[in-house]
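Engineer: Turn this into a model:
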Amino acid sequence: MAMPIGSKRDDEMPSTPSSHHDDSDFKRSSTHLRSGREAFGKVIRSWASKKFMTGCVILLPIAITFYTTCWLIQFVDFFSPIYFHIGINIFGLGFVTSISFIFLVGVFMSSWLGASILRLGEWLIKQMPFIGHIYNASKQISSAISPDQKTQAFKEVVIIRHPRLGEYAIGFITSTLVLQSYSVDEELCCVFIPTNHLYVGDIFLVSSKDVIRPSLSVREGIEIVVSGGMSMPQIFSITQTENTQLNRSQSSRS
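Structural biologist: Below you'll find the predicted structure:
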């Protein structure tokens, strides 16, 4: 059977240079399109992650404050179960009653009669084994932030050189004492350096001449310790007297 001359199948036709050029342009454009999509996807993911983290940073302290406030209200509101058992269901009545009761207790215990009853109750509690130690520890912690300066456990916020030269630590003066020697008596400050919030720490006896007293209240010092130093002011200022003592101690050491 004779084959027609010049007839070839379409798939056996030789490729021309123009077809190679078109294929390379198509591959190049598809590569650029794919890289553009990947870059756009990275930008979108980066933008979304940043906005998500911004939302977390804003909402986290609000959520902690909200849940802490709710827990505090439930902890203080110890009159609501009493009202519930007697059939009185008024929103907020138990909390208002609890706050009023705490305020009246503070007023009564500030009087002579209340202080006498408190001392008698403390004496009875201290006679109980194990319970007396728990009460003493709890009282010391609560007295650390007491507004009464006479019973306040933390007298003053101070800065001492610790643990080595060139490093400083924030602590609280809990008491003072006099170290008697043959030559001269030296006044020492008992400084409490917290190592785990306010409950665990180290006690140091530091000379009053080596204690730096910044212009910080006890509450501000507690906030610095509890926040891990995030509420630390950028500038510390000390009194002229303490500054003079600091210069004297530095000159004597040099």
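Engineer: So which residues make contact with the helix or strand harbouring Ile117?
Structural biologist: Assigned by DSSP states H and E, Ile117 falls within helix 112-126. Helix 112-126 is contacted by residues Phe108, Met109, Ile131, Gly132, Tyr135, Asn136 when judged by CB atoms under 8 Å, 6 or more residues apart in numbering. In this view, the C-beta of every residue, glycine as well, is placed from N, C-alpha and C.
Engineer: I'd assumed the last one was in a strand, is it?
Structural biologist: Spelled out, it's Asn136. No - assessed by DSSP: H, G, I helix; E, B strand; the rest coil, Asn136 does not belong to a strand; its assignment is helix.
Engineer: just to revisit the earlier point, chain center to the helix holding Ile117, what's the gap?
Structural biologist: 35 Å (CA atoms, centre = their mean, to the nearest Å).
Engineer: So, low pLDDT: which residues of the stretch 101-250 of the chain?
Structural biologist: 141, 143-153, 196-199, 239-250 (pLDDT under 70).
Engineer: Going along the chain, name the strands of the stretch 101-250 of the chain.
Structural biologist: Ranges of strands in the stretch 101-250 of the chain, per DSSP state E, counting those that start in this stretch, are 156-161, 168-179, 186-196, 200-207.
Engineer: And Arg161, how close does it get to Phe192?
Structural biologist: Computed as CB to CB, to the nearest Å, the Arg161 to Phe192 distance reads 16 Å.
Engineer: Would you mind telling me which of the two has the busier surroundings?
Structural biologist: Phe192 (19 against 15; other CB atoms under 10 Å).
Engineer: Is that one in contact with Ile203, as I believe?
Structural biologist: Yes - look at Phe192 against Ile203 with CB atoms under 8 Å: they come within range, at 5.9 Å.
Engineer: Tell me the residues that contact both of the two, please.
Structural biologist: Common neighbours of Phe192 and Ile203 (CB under 8 Å, 6+ apart) are Thr174.
Engineer: Tell me, how many residues neighbour Phe154?
Structural biologist: Phe154: 19 neighbours (other CB under 10 Å).
Engineer: Now it: closest residue in space that isn't a chain neighbour?
Structural biologist: Phe172 (3.9 Å; CB to CB, 6 or more residues apart in numbering).
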